[in-house]
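A.B. asks: sequence first, then the predicted structure, then my questions.
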Amino acid sequence: MEEAVAGRKGFGGWLRSRKGQKTLICVGFVAIPLILLLSFTYIPFVEMVRFSFFKMKYTTPVDKRLFVGWRNYLDVFRRKDCFSALKLSLYYCGGALFQLVLALYLATILSFKAKGNNLFKGFMFFPFLINGIAVGFIFKFFYTRGFVFDTVLSWCGFDMDNLPFWLKDQRINNWSLVATSVWRYFGQNMVLFIGAIMSVDSELYEAAELDGANRFQQFVHIILPSIKTIVTLNIILSITGSLSAFEPPYVITSGGNGTGTYFVIMNEIAHVSQKVGLASAMAVVLLLIIFLCTILQKLFFKFVFRDAESEDESYKAKRARLRAEKARARAEKKGVA
């Protein structure tokens, strides 16, 4: 009846009807995010890819841009500053893997009963809430010669004259910056791991204990397969974040003394040297590297956790056996009573 009335009133009547308003709301909720994505993500990305084939500045008129083809992409690997900056990402990848292992280890411990675990979780998660620029300034003074870190080490008996310059010595300055990233993001990964571990069925641990499994075996055969999705996600995010590290070297050292990461060099090329085409090519190369790393990581973890489903099934069977034993024990008690 409502549709017939709306049909007689035309399109305006249909819009005022309940069905028309629901359709309009659905279209609006879908169209607005799509318009924003097109305007601020996809269209700028296509323009960036187009810029990567030109030699140009921001102020170069369209008719005076010089088409250079693949030269910018070749320069990414030919230029010493670009390629060496890309190699610096290995420092941050190593720090990210150490951070994940430590976060998973502590998350496993804190997921079970431990004194002061809530307080420890809060302290570890707090650095993630601090702005990245603020973290950079904190560690800039922390590592400065004669300041916090050197003072603490001198209290421990170290001679300050024999301590290295944490931000100038190229043998150690990149590791100092990596430690900054580890300190900031460690708590976030730990909390994610704790949430995943606490969702594991506790009866699986009881079934494993009946089979004589120790804590390490429970971790390998129960916890790790059960949280494989979170482990894979955290590693992918950590590796991609390592490839795009920017705030610590930019704020703490301004990219000096061999600490300029890929993003720092790209920022300098784009905004200082005004080589927009080369900077755009660097961004595209980084995107392809991240895609490749993501695919390789997914294939790797698919291989590592290939037996996870079978492990889950085996422990489901053990859980069923545990329940049957409990039911039999209750039946025996009732028989005795």
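C.D. replies: Great, that's in hand. Residues are numbered from 1 along each chain as shown.

A.B. asks: look up how far F300 lies from the residue most central in space within the chain.
C.D. replies: With distances taken as Cα atoms, centre = their mean, L237 lies nearest the centre of the chain, 2.5 Å away. L237 sits 15 Å away from F300, going by Cβ to Cβ, to the nearest Å. C-beta here means a position set from N, CA and C on the backbone, and glycine is covered the same way.

A.B. asks: secondary structure element for the residue nearest to the centre of the chain?
C.D. replies: Secondary structure assignment for L237, by DSSP states H and E: helix 228-243.

A.B. asks: packing partners of that helix?
C.D. replies: Secondary-structure packing of helix 228-243 (3 or more Cβ pairs under 8 Å, 6 or more residues apart in numbering; DSSP states H and E): helix 80-110, helix 173-198, helix 276-304.

A.B. asks: how many degrees apart are that helix and helix 173-198 in direction?
C.D. replies: 160 degrees (axes from the mean of the first three to the mean of the last three Cα atoms, to 10 degrees).

A.B. asks: how about helix 228-243: buried residues?
C.D. replies: 228, 230-232, 234-243 (16 or more other Cβ atoms under 10 Å).

A.B. asks: equivalent analysis for stretch 200-218, please.
C.D. replies: Residues 200, 203-205, 207-208, 213, 218 are the ones in stretch 200-218 that count as buried (16+ other Cβ under 10 Å).

A.B. asks: pLDDT and secondary structure for those - can I get that in TSV?
C.D. replies: Output for those, formatted as TSV (pLDDT from 0 to 100; DSSP: H, G, I helix; E, B strand; the rest coil):
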residue	pLDDT	secondary structure
V200	82	coil
E203	78	helix
L204	79	helix
Y205	79	helix
A207	77	helix
A208	76	helix
A213	75	coil
Q218	82	helix
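
A.B. asks: export these to TSV and tack on distance to L119?
C.D. replies: What follows is the buried residues of stretch 200-218, written out as TSV (distance: Cβ to Cβ, whole Å):
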residue	distance to L119
V200	24
E203	29
L204	28
Y205	25
A207	32
A208	29
A213	30
Q218	26
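
A.B. asks: can you tell me which of the residues you listed is nearest R171?
C.D. replies: Nearest to R171 among those, counting by Cβ to Cβ, is Q218 at 41.1 Å.

A.B. asks: how about that closest one, what does it touch?
C.D. replies: Applying Cβ atoms under 8 Å, 6 or more residues apart in numbering, we find Q218 in contact with 205, 208-209.
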